[in-house]
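# heads up, no residue letters with this:
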C-alpha cells in the first residue's frame with residue numbers, strides 16, 4: 001500500500017454508496033456489466049453490505065449469476081476463497 005494511503009477497515013456503506021456500485025463501469029470492454037458489478041462489490045464490501053447490494057441489484061433487474069468472459073459466475077470465481085462462504089450464501 002502506498003504510504004499516503006490509509007487502510008480503511010469496516011467502512012460504512014450508506015445507500016448512496018451502494019447505488020454508486022450499480023453503475024460502475026465493467027472491468028473490461030468485453031466483460032458483462034453485471035458480472036463486473038458483483039465482483040467489484042465482493043472485493044469491496046463487508047458481508048452485510050454485500051447482501052444489501054445484491055438485494056438492490058436484483059431489484060434493479062440485474063443478474064448476479066451473469067458469467068464473466070471466461071464463462072464463470074462470481075460464485076464460481078470465489079468458491080475457493082477462504083472467507084467466501086457467507087458471500088456464496090448470499091449469491092445463492
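In hand now; what should we look at? Only a predicted model underlies this, so the values are computations on that prediction, with no experimental measurement involved.
# which residues of this structure fall in helices?
In the chain, helices defined by DSSP state H lie at 15-22, 33-44, 47-59, 74-78, 85-91, listed in chain order.
# Residue 67: which of these is closest?
helix 33-44 (6.3 Å; C-beta to C-beta). Any C-beta I mention is one placed from the backbone N, CA and C, and that applies to glycine too.
# got the angle between that closest one and helix 47-59?
Orientation of helix 33-44 against helix 47-59 (axes from the mean of the first three to the mean of the last three C-alpha atoms, to 10 degrees) gives an angle of 170 degrees.
# Could you give the separation of helix 33-44 from the chain centroid?
Centroid separation between helix 33-44 and its chain, computed with C-alpha atoms, centre = their mean, to the nearest Å, is 3 Å.
# Show me what counts as buried in that helix.
Under the neighbour-count criterion of 16 or more other C-beta atoms under 10 Å, helix 33-44 has 33-42 buried.
# ditto for stretch 44-63
Of all the residues in stretch 44-63, those buried under the rule 16+ other C-beta under 10 Å are 45, 49-50, 52-54, 57.
# Switch those residues over to CSV; also include distance to residue 25 and pLDDT.
Shown next, in CSV, are these (distance: C-beta to C-beta, whole Å; pLDDT from 0 to 100):
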residue, distance to residue 25, pLDDT
45, 18, 92
49, 20, 94
50, 19, 95
52, 21, 95
53, 16, 95
54, 19, 97
57, 16, 95
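# Closest one to residue 85 out of those residues, please.
residue 50 (12.4 Å).
# give the contact list for the closest one.
41-42, 87, 90 (C-beta atoms under 8 Å, 6 or more residues apart in numbering).
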